[in-house]
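Colleague: predicted model and sequence below, questions to follow.
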Amino acid sequence: MDLQTAYNKKRELIAKRLKNFKCVEDQDRFYELCFCLLTPQSKGRQADRAVQELKSKNFKSNPFHAASLLRRYIRFHHTKAARLLEAQQNYKAWFNELDSLPTAEEKRLYLLQNVKGFGLKEASHFLRNTGHENLAILDRHILKNLQTLKVIDEVPKTLTSKKYFEIEEKFINYSKKIKIPMDHLDLLFWSLETGEVFK
């Protein structure tokens, strides 16, 4: 895999995407929260379609049980509909607390402890999509690429917190070694898998 060549072709597009994440407004931050609650075990594009429909129905201001809407797009629609309602009820308090915390790592820990449906991957994903850096989003696509590049020996069958942090550190060190920021590598891996720079 010639990462450097692939990166050089997509560097500007990736940098632009990451810059956009840093300019997320409050309303969009809420819907990024919804997006990251919907993505586990579902495709990102399908989760995004569900979020666009939630936006069109103004879910942020007029919440409703969204299971019938979600079932067209994602798995576990009843569970995730309940989590969306909980997020709508609590997002103001969550965001106030997040804004008071000084580091991305502290913000991630807070999300992990307070947002039902968020593991390390989802918390990292939300924070990256709202402008934070150097948090690994270790989904199966990223893990597979890290294995191919021999950054890790194998894709773990289960990803404990300890294992997550170990792989994150290896990912950070590898990105420094090849001089491509980890956040850029994440979007590059995704674009190589799907053909697009998404989120």
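Modeller: In hand now; what should we look at?
Colleague: can we go C-alpha only for contacts and neighbour counts from here?
Modeller: OK.
Colleague: what helix or strand does the spatially most central residue of the chain sit in?
Modeller: Nearest residue to the geometric centre of the chain (CA atoms, centre = their mean): His125, 2.0 Å. Counting by DSSP states H and E, the element that carries His125 is helix 120-129.
Colleague: elements contacting that helix?
Modeller: Packing partners of helix 120-129 (3 or more CA pairs under 8 Å, 6 or more residues apart in numbering; DSSP states H and E): helix 3-21, helix 26-38, helix 104-114.
Colleague: dump those into CSV; add mean neighbour count, mean pLDDT and distance to Ala47 as well.
Modeller: Below are the helices and strands packed on helix 120-129 laid out as CSV (neighbours: other CA atoms under 10 Å; pLDDT from 0 to 100; distance: least, CA to CA, whole Å):
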stretch, mean neighbour count, mean pLDDT, distance to Ala47
helix 3-21, 15, 88, 18
helix 26-38, 21, 92, 6
helix 104-114, 17, 97, 20
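Colleague: quick check: which of those is nearest to Leu84?
Modeller: helix 26-38 (6.3 Å; CA to CA).
Colleague: care to break the protein down by domain?
Modeller: Listed by automatic domain parsing, the domain ranges of the chain are 3-20+137-194, 26-129.
Colleague: helix or strand with the lowest mean pLDDT in this protein?
Modeller: helix 182-194 (a mean of 86; mean pLDDT, DSSP states H and E).
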